[in-house]
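Asker: Provide a 3D model corresponding to the input given below.
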Amino acid sequence: MAAQKIKAFADGTRYVEAGGWAMFFAWLVDFTVFLVLIVVGMGALSPLFAVDEDLATVAVLALPVLVPLVYGLCYTNGRALGAVLTGTRLVRLSDGGRIGAKGPWAMLVRTLLLPLLIIGVVAGGGYADGTLKRGSIDAARTRRLYADGHHVGPLPARR
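Answerer: Residues are numbered from 1 along each chain as shown. Model prediction:
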């Protein structure tokens, strides 16, 4: 296992960080689900739009916020569809635990910020160094790390 991908949670337990492409594709899948759910929601509400224009305005403004919050309920264990397909898991960086009740918030951020991420990558923007509360792990490799008994102790030297 590549030493540069092994990281440690704040409590010292080690994990294998998910790759950049895996994280990107997880975001992309979740964003696609978000768009599909918006279209389905608009389709389901379209008969009501003909009756009340105000309802149409509220729906257009509310669905982009409500859909990721509801979809985020699937994310409380860190495994929404994007994570399942890419083999990643969103966890708390403090101890590797489930994100729990913050799943809806994480999904809202994930779906609403993906377009900004793509614009930043295309425009050549850099990484803003901030304090992250959650991160993605490679679930299978982290399980293998634990099975091999290498989940605690000092991190391997980087080359």
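
Asker: look through this structure and tell me its longest helix.
Answerer: In the chain, ranked by residue count with DSSP state H as the criterion, the top helix is helix 20-51.

Asker: in that one, which residues are buried?
Answerer: 22-31, 33-34, 37-38, 41 (16 or more other CB atoms under 10 Å). No exception for glycine: its C-beta is placed from N, CA and C like everyone else's.

Asker: I'd say residue 26 and residue 79 touch.
Answerer: No: using CB atoms under 8 Å, residue 26 makes no contact with residue 79, being 9.9 Å away.

Asker: what packs against the lowest-mean-pLDDT helix or strand in the chain?
Answerer: Least confident helix or strand of the chain, by mean pLDDT, DSSP states H and E, is helix 103-123 with a mean of 76. With contacts defined as 3 or more CB pairs under 8 Å, 6 or more residues apart in numbering; DSSP states H and E, the packing partners of helix 103-123 are helix 20-51, helix 53-71.

Asker: phi, psi of residue 9?
Answerer: phi -70, psi 170 (degrees, to the nearest 10).

Asker: distance check, it against residue 135.
Answerer: Residue 9 sits 9 Å away from residue 135, going by CB to CB, to the nearest Å.

Asker: what is in contact with these two at once?
Answerer: 91, 93 (CB atoms under 8 Å, 6 or more residues apart in numbering).

Asker: before I go, just wanted to say thanks for your time.
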